[in-house]
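# Structure for the following, please:
(chains A, B, C and D)
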Amino acid sequence: MDIHEYQAKEILRNNGIPVPPGRVTGNPNQAVDIANEYGDKVVVKAQVHSGGRGKAGGVKLAKNSEEVFQAATDIIGMTISGHRVNEVLITPAEDIDTEAYLGILIDRKTQSPVIMVCSEGGVDIEEVAQRNPNSIRKLRIDPRYGLFRHQAYGLARALYRDQDLVKQAVAIIENLYQAFIDSGASMVEINPLISTPTGCVKAIDAKMSIDNNELIKHPEIQNYRDIQAEPRAETMARESGLSYVKLDGNVGCCVNGAGLAMATMDLVKYYGGEPANFLDIGGSSNPQKVVTALKIITSDPNVEVILFNIFGGITRCDDVARGIVEALKEIEIDSPIIIRLTGTNDEKGLEILSAAGMSAFTSMDDVVKKAVSKTLQ
Amino acid sequence: MDIHEYQAKEILRNNGIPVPPGRVTGNPNQAVDIANEYGDKVVVKAQVHSGGRGKAGGVKLAKNSEEVFQAATDIIGMTISGHRVNEVLITPAEDIDTEAYLGILIDRKTQSPVIMVCSEGGVDIEEVAQRNPNSIRKLRIDPRYGLFRHQAYGLARALYRDQDLVKQAVAIIENLYQAFIDSGASMVEINPLISTPTGCVKAIDAKMSIDNNELIKHPEIQNYRDIQAEPRAETMARESGLSYVKLDGNVGCCVNGAGLAMATMDLVKYYGGEPANFLDIGGSSNPQKVVTALKIITSDPNVEVILFNIFGGITRCDDVARGIVEALKEIEIDSPIIIRLTGTNDEKGLEILSAAGMSAFTSMDDVVKKAVSKTLQ
Amino acid sequence: MSILVSTKTRLLVQGITGRDGSFHTSEMMKYGTNVVGGVTPGKGGQSFGGPEDQMVPIFDTMEAAVKETDANTSVVYVPPAFASGAMEEAIDSGVDLVVSITEGVPVLEMSRIHAFARDRKVRILGPNCPGVISPGKAKVGIIPDQIVTQGPVGVISRSGTLTYEAVVNLTREGVGQTTCVGIGGDPLIGTSFIDCLELFKEDEETRVIVMIGEIGGTDEQEAAQWVSQHLEKPVVGFIAGQTAPPGRQMGHAGAIISGSSGTADEKKRCFEENGIRVAARPIDIVDLVRESLNQ
Amino acid sequence: MSILVSTKTRLLVQGITGRDGSFHTSEMMKYGTNVVGGVTPGKGGQSFGGPEDQMVPIFDTMEAAVKETDANTSVVYVPPAFASGAMEEAIDSGVDLVVSITEGVPVLEMSRIHAFARDRKVRILGPNCPGVISPGKAKVGIIPDQIVTQGPVGVISRSGTLTYEAVVNLTREGVGQTTCVGIGGDPLIGTSFIDCLELFKEDEETRVIVMIGEIGGTDEQEAAQWVSQHLEKPVVGFIAGQTAPPGRQMGHAGAIISGSSGTADEKKRCFEENGIRVAARPIDIVDLVRESLNQ
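All right, here's what the predicted structure looks like:
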C-alpha cells in the first residue's frame, strides 16, 4: 500500500529523522493560514500516489499569501497520471546546499533489505541508475543481523565528507532502517535528502510503501489508506478480498488465480481485444464473491462483455455457477456473459447454468475468442 | 551485579510476566501495614544477595498481624551466608498446584543464551541437576535469530500438558527472554514458577544478575545496586575502578592483573598463609589508584602484612612506587609492606622507593614467602 | 524418476485439523502420498482419519512428529499469522523440504525465514504456491491430481491455475509429466526456477522442461541464462502479464513491474535470446513441447 | 614457525590515534611488526608517525583500509562502548584475524559478534586479552616484548600479567617461545585453548606447550580431553584461583566459580587425568617445561 508524502514524513519524524514541519489541507484558504505560520517561503505539494509530481506542476514554491492561495487552488483538483489531487502539503522552503538520495527496498535476488544511497538526489533515481549506475551505492542487509553501525557509516561516507554531516547521516540511515522494519515497509525513499548551508541534514521528500501483508500488524498505518484516492471498484474489491485492477479496455474478466487472470488478459489482447480489468476471485469459491466480482466488473461503464475463465481446483465450478445465477437476480447485467468452466465439479456447474438458461465452454482459447468477437461486432 | 528478588520481580512485571504484588520494608510495623493491605496470609522474605534463604529462616509464612510482625522482626537484621538482611518483601501467599523452574543464562561453550526449564521447581536447581539431569530441558538460543515461538512452545510443553497453562507459559518464556536481553542480564531465574488451582501460571520467586558491562546502558538498573549490602571497601574499590574481593585471611594483596592476583593469593596459601583479599589495580598506573588500593586494604582490620606483586607491562613500576610513597604520607600504615616490582620502569620505581627508605624484591616467590613469614611470626 | 517429492516422501501436514489442511490431507492420501502424520498444537495424541479408514497420528510439535515418524517433508496449511512460526518450526525440526501453501506471509518475515532455511540447509518451496506433484508417486500441496499423468515433461511455474491450464492441455494430448512444481507467487520464494532446473537436469526421465513465468523480478531472466549455460534439455517458456500495467500488483504479491524492470516483454526476449521457445498462448505450449520431444 | 601472527602479518590498528592505540602501535612497529595502517573514523587521510620516522596511513573505515593495504589482521584498542562496532567492522572487512584487547564488552554483544565471526570464518582473539607475540617475528597487542625470546615453547593463557610472569621465567632460564597467546579473560572468547592447541600441534617448531588457566568455565577441561585424544606433544599446565571464593568475579569477567563448577581443583584434576603435568607455583612451570623438552 502506498502512503502519501506527509504520512511517510510522519513516520520518519516519529523515528527521529529530521523532517521540516508541514500540514495538509484540501482548502486553499487554509493553505494560506498554514503558510503564514511558517512565514517566508513555503512549498505547496500535491499529495498523490504517483511519481512525477514536479513535472506535472504538482509542486510549487510560493513566496507570499497570494502565491500560496494560487498554488493551492491550481494543484487541488488537478489530475496527475490519472490520480486526482485532493490535498496539498504546505511546508517551509529550505535552503539547500546538496541533494542526495537514500532508499531502502527488498531485493528479491538476495531476499534481503537493500539500502541505496546516491549523492545525486532530487532527480528520478531510475534515470540516474541508467545514466550513471556507479554513482549508486547499494548495501545488502543480512536479515539475521540487521544494519551494523559501520555499514551506516560507510553509506554516510559515500554521501558526505564533512564528519558532522556524516554523523547526522548515520543517525538518519539507522533510523530509516528501523522505520522500514518497524512499519513493515516494502519500500522507503528520501529524495532529496538535503544538507543545508548551516550544516543540517534533512529529509525533504519521502515516499513509502507498506507490505499489504503487514498491515494487519499496523492499524495506525492502515488508517493512512486514502480511500478517496482509490477507484471505488478497487475499494470494494479489496474489502471483499478480491484482487482487482482497473484497466482501459472493454472485456471484463473474472478469473480464479492470478497467473491465469493475467494469461486471460493477454489472450484477450492476442485476439485483438482489450481487457477492462484484472480480477482474481481467489482460491475460495464462495458464491457471494462471484456476485461481488460481477458487481465490480459491471460498475465499469466501459465493459461490453463479461468473460469468466474458471479452472476449478480449490474453487468449485458449481459455486461459481451459483454465484453467476445469484448475481443475475440481484443486478441487471446488459453485457453478454461468456463462461468457461472446467475442473472441480464442472458438471454440476454446467447443470446450474443450463437450468438458468445459460451455457459454458471448456476451452480457454475458445471462450476468449468468443468474448473478443462480441466487442468487435 | 546481583539484584534483589523484589527488583527482579519489578523487571519481570514491567515485561508482562504475572508476579504477585509485593512491597519491601525495613520496619516490622510497616510490614504489618503492608500485610494488612493484602489480607489473609502473606510471606515475609529476606531481601539478600544469597541463596539458601529458606533454610536459613529468611522466608516465613505469616497468617496474622502478630505473625507478620514477629517474622519481620526475626528476619530484619539476621545474617545469611555473611550478608546482613536490611529489608523484607511482603507478598501474598499463593495457593500452589505445581512448582516448576525457568531460567536463562549465557552458556560459555555455545556462546549463546540458554533457556532451562524443569518441572521440578521450588528446590535448588543445581541439586536437581545432580540428582536427575534429564529432568532439566535446555535450549540454546541462536543469538542471530533470538527465541522462536515454537521453541518457547516446546519448553512450555515440557512443563505443562494443559493447553491453557502452556499458552501462559509460552508468554512468560518469551517475555522473560526479552527481559533478559533488554536488561543486559547474565542470569535470570524464576524458581518456583507456579501454577495455581485456578489455572494461573505465576512467578513466585525471581533472581537476576546483570552483566556489569551492560550497566552503563541501564541507569535504571544501576540504581538497583544495594550499597548497604556491599562491604564498604568493595564500594570504594568499585567506584575507583579497582577489582577487590574481601577474603578472611591476613595477607593484604595488591597486584596488577587478575590472573596474577589470583596466582598471588594461591601462592600465599601455598606457603601457609591466608590472603586477606583479591585486589587488581588494573592495567593503568595512576599513582592515585595505588593510594586508594592501600586505603582499601588497610581498612580491613585483619590485615597484618601488605604484599605488592607488580609485573610492569602497561602498568609502570615508577607510578606504583610513587603511589606507595604518597599513600604513606596520607594514611598511617602499621603493617609491614613487602614489595615486588619488576618490568616497565622498575629501576625508576626502585629509586623512588629507596629514596623513601623502602626496598623491593624482583621475584614473586621470594616476596610471597617473605610476606607470609611476617604473619607467622 | 521425479524431483522434490516421490515415493520416498514421508510427509507431515502442519495445520492438519484446519479446513484446508484436513481436506487436502485426504486428497493427498487418496493420491497415495505417504502422509505419516500431522501437527496441530494442543491436539497431540489425537488421530486424523483419512480416506478408507486410514488413520495418521497428530502431534503437538514438529519436533515430536519428526522424532516419531522420521518424516522428511512437511507441508504448511496454516493461516498467514501463524505460517512464519510453522515454517520456522519445520526448518528447526530436521525435515529436508518445507512446502508452504499459505498466501499472505509478510516479506520481511520471509527474508528472515529464508536466511534460517539457508543456515539449516532446508529447502522451502513457496510460500504462496500450489505445491508439487510427481504423477503416480506423490502429491504435496493442492494441485488437482486428475489433470496430471506420468510422462517425460517437467513443469515449473510461479502460478497455480495457469499451471493447471498448461498441464491439463499436456495431459489431454497424452504428454505426461515427471513432476509439476509451483514455486509460488511471492516476491521472496525459497525455491527458484534455477533450483528446479538443476533438479530436472539430473532427473533422467525428464526430457523437456516447461517454465511458466510472469511479470515481476528477474528470476526468469536468470533462469534463462542458466539454461543456455548449463542445460542440454529443451525448455519451453510462457510468460503471463503482457497486458499488466506497471506499478500495480497483479494478484500475486510478486507480480508487479517495478519501474521498467520485470516486464513480460523483457522476460520473453530473454527466454528467446537464450534458446527457450516461448508459447504465445497457453495452448501453444503443447505443440512446442511435442516438437521438442520429437527432436 | 609460529601461530596466529608471523612475518606475514599485515596489521591494521583500530583506534590508532587513541592513547593506548598510538602507544602500542609504536611499540609493535619497534618490534618489527608489519603495521600497514590504522583506522580512526574522521581522521582518514592523515598519517600516524611511528618510531624512526616510519609513517603509516590512517583510514576512516576498515573497508577502505583493507582495500588499500591488503591487511590480513586487525587489532582493536577502542573503548568498550565502541569495541563491538569495531569488531563487527573488522569481521566485515575481510581480515582473517581480529585481536581484541578491549576489556568491558557486554557478553550479549559478544554472543552476536562471535556468531557473526563464525558466519564469516574470521578468527577473533579475545576480547579482554593481551594479544599475541611470536618472538622475533611479530607482536600484536600489548605483551611486553622484552620478556620473550625465540624458542620451542608455545604458551596459551587466559590472563595477562600472569603470562608475563611465566614467560619471563622461561626466558630468564634460556627457554624461548614460538608464540605466546593471551586468549582473554572474558566468558565468551573467540579463540579457545583447543583452537590454539590445534595450531600448535601443526607448528613444527613448537615442542612443548604451556597452558595457563584459571577458575570459571570448562575451557581447560575440554582442552585437557582434547590433549589426551589428539596431541603427542607434552603440555604443562597451571591454574590460578585455588583460593577464590565461589560466586565472586575475580577481576576477569570470566573468572567466576558458578555453583560447584569451574573450580581450580576440578581443572587441575582434569589436567592431571589427561596427562598434563600441573605446576604448583608459577616458578615450577620452568622446571616442568625443561623436563618435557629433555624427554
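# just so I have it, where are all the helices in chain A?
A:5-14, A:28-38, A:65-75, A:125-131, A:149-159, A:163-183, A:219-222, A:232-239, A:258-270, A:287-298, A:317-330, A:346-355, A:364-376 (DSSP state H).
# residue ranges of the helices in the stretch 1-150 of chain C, please?
Secondary structure of the stretch 1-150 of chain C (DSSP state H, counting those that start in this stretch): helices at C:19-30, C:62-69, C:80-93, C:107-120.
# how far does stretch C:227-236 sit from the chain's center?
20 Å (Cα atoms, centre = their mean, to the nearest Å).
# how about it: buried residues?
C:227, C:231, C:233-236 (16 or more other Cβ atoms under 10 Å in any protein chain shown). Quick note: C-beta positions are derived from backbone N, CA and C, even for glycine.
# What of stretch C:236-247?
C:236-244.
# For the spatially most central residue of chain A, give me its contacts.
Centroid check for chain A by Cα atoms, centre = their mean gives A:D2 as the closest residue, at 4.5 Å. Neighbour list for A:D2: A:49, A:207-209 [criterion: Cβ atoms under 8 Å, 6 or more residues apart in numbering or on different chains].
# just those now: which is nearest B:V245?
Relative to B:V245, the closest of the contacts of A:D2 is A:M208; by Cβ to Cβ it sits at 54.8 Å.
# How many residues are close by the residue nearest to the closest one when sequence neighbours are not counted?
Nearest residue to A:M208, sequence neighbours excluded (Cβ to Cβ, 6 or more residues apart in numbering or on different chains): A:A8, at 3.8 Å. Per other Cβ atoms under 10 Å in any protein chain shown, the neighbour tally for A:A8 reads 26.
# How about A:K329?
9.
# The one 3 residues further on now?
Number of residues near A:E332 (other Cβ under 10 Å) recorded here: 7.
# How much space separates it from chain B?
51 Å (Cβ to the nearest Cβ, to the nearest Å).
# do the same with A:R340
43 Å.
# Close to chain B: what parts of chain C are there?
C:41-42, C:60-63, C:85, C:88-89, C:92, C:112, C:116 (Cβ under 8 Å from any Cβ of the partner chain).
# at 10 Å instead, please
With Cβ under 10 Å from any Cβ of the partner chain as the criterion, chain C meets chain B at residues C:39, C:41-45, C:60-64, C:82, C:84-93, C:112-113, C:115-116, C:119.
# And for chain A?
Counting by Cβ under 10 Å from any Cβ, the residues of chain A near chain B are A:142-146.
# ok, which of these also contact chain C?
A:142-145.
# from the residues you listed, which single one is nearest chain B?
A:R144 (4.1 Å; Cβ to the nearest Cβ).
# Now that closest one: closest residue in space, sequence neighbours ignored.
Nearest to A:R144 is B:R144, by Cβ to Cβ, 6+ apart, at 4.1 Å.
# Domains in chain C, by residue range?
For chain C, automatic domain parsing gives the domain ranges C:11-125, C:143-293.
# For the closest residue to A:E174 other than its chain neighbours, report the pLDDT, please.
Nearest non-adjacent residue to A:E174, counting by Cβ to Cβ, 6+ apart: A:A152, 5.0 Å away. If you check A:A152, the pLDDT there is 98.
# so what's A:A152 up against?
A:115, A:139, A:166, A:169-177 (Cβ atoms under 10 Å, 6 or more residues apart in numbering or on different chains).
# how much space is there between it and A:Q178?
11 Å (Cβ to Cβ, to the nearest Å).
# again with A:S359
Taking Cβ to Cβ, one finds A:S359 at 58 Å from A:Q178.
# Reformat the buried residues of stretch C:236-247 as TSV; add pLDDT.
Shown next, in TSV, are those (pLDDT from 0 to 100):
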residue	pLDDT
C:V236	98
C:G237	98
C:F238	98
C:I239	98
C:A240	97
C:G241	96
C:Q242	95
C:T243	96
C:A244	94
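# and of those, the nearest to A:N309?
Nearest member of the buried residues of stretch C:236-247 to A:N309, counting by Cβ to Cβ, is C:A240, at 12.4 Å.
# Could you report the pLDDT at the closest residue to the closest one other than its chain neighbours?
Nearest non-adjacent residue to C:A240, counting by Cβ to Cβ, 6+ apart: A:M262, 3.9 Å away. Per-residue pLDDT puts A:M262 at 97.
# Please tell me I have it right and A:M262 contacts C:E214.
Yes: the pair A:M262 and C:E214 passes the contact test of Cβ atoms under 10 Å, sitting 6.1 Å apart.
# list residues touching both of these two?
C:159, C:162, C:239-242, C:244, C:250-252, C:255, C:264.
# what's the spacing between stretch C:1-18 and its chain's center?
12 Å.
# tally of neighbours for A:T264?
A:T264: 32 neighbours (other Cβ under 10 Å).
# Counting only strands, which of the buried residues of stretch C:236-247 make the cut?
C:236-240 (DSSP state E).
# Make a markdown table from those and add distance to B:Q228 to it.
A markdown table is the format used below for those (distance: Cβ to Cβ, whole Å):
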| residue | distance to B:Q228 |
| --- | --- |
| C:V236 | 82 |
| C:G237 | 78 |
| C:F238 | 78 |
| C:I239 | 76 |
| C:A240 | 75 |
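# Report the residue ranges of every domain in chain A.
Taken from automatic domain parsing, chain A resolves into A:21-92, A:98-222, A:231-376.
# Find the closest residue to chain D in the stretch 101-250 of chain A.
A:H150 (3.6 Å).
# Give me the pLDDT value at the residue in the stretch 51-200 of chain C positioned nearest to chain D.
Nearest residue of the stretch 51-200 of chain C to chain D, counting by Cβ to the nearest Cβ: C:D119, 8.7 Å away. At C:D119, the model reports a pLDDT of 96.
# Do I have it right that it meets A:R144?
Yes: C:D119 is within contact range of A:R144, at 7.9 Å (criterion: Cβ under 10 Å).
# what do those two both touch?
B:142, B:144-145, D:119.
# Select only the buried ones of the residues you listed in ChimeraX?
To isolate the buried ones among these in ChimeraX, judged by 16+ other Cβ under 10 Å, type:
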select /B:142,144,145
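# Which of the shared contacts of C:D119 and A:R144 sits closest to A:A129?
Of all the shared contacts of C:D119 and A:R144, A:A129 sits closest to D:D119, with 30.2 Å by Cβ to Cβ.
# Close to chain D: what parts of the stretch 1-150 of chain A are there?
A:142, A:144-146, A:148-150.
# Tell me, what's the model's pLDDT at the nearest residue to C:R207 once chain neighbours are set aside?
Nearest non-adjacent residue to C:R207, counting by Cβ to Cβ, 6+ apart: C:P152, 4.1 Å away. pLDDT, C:P152: 98.
# And A:S284, by the same measure?
Looking at A:S284, the pLDDT reads 66.
# cool, C:P187 as well?
C:P187 is given a pLDDT of 95.
# now A:D334
pLDDT, A:D334: 89.
# about what we covered before: please export the C-alpha coordinates of the helix or strand where the residue nearest to C:R207 lies as PDB.
Element membership for C:P152, per DSSP states H and E: strand C:150-157. The C-alpha trace of strand C:150-157 is given here as PDB (Å, rounded to 0.1, in the frame of the first residue of the first chain):
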ATOM      1  CA  GLN C 150       3.100 -39.700 -15.900                       C
ATOM      2  CA  GLY C 151       5.500 -38.800 -18.700                       C
ATOM      3  CA  PRO C 152       8.700 -37.000 -19.700                       C
ATOM      4  CA  VAL C 153       7.900 -33.300 -19.100                       C
ATOM      5  CA  GLY C 154       9.000 -31.300 -16.100                       C
ATOM      6  CA  VAL C 155       6.800 -28.300 -15.300                       C
ATOM      7  CA  ILE C 156       7.900 -25.200 -13.200                       C
ATOM      8  CA  SER C 157       5.500 -22.300 -12.600                       C
END
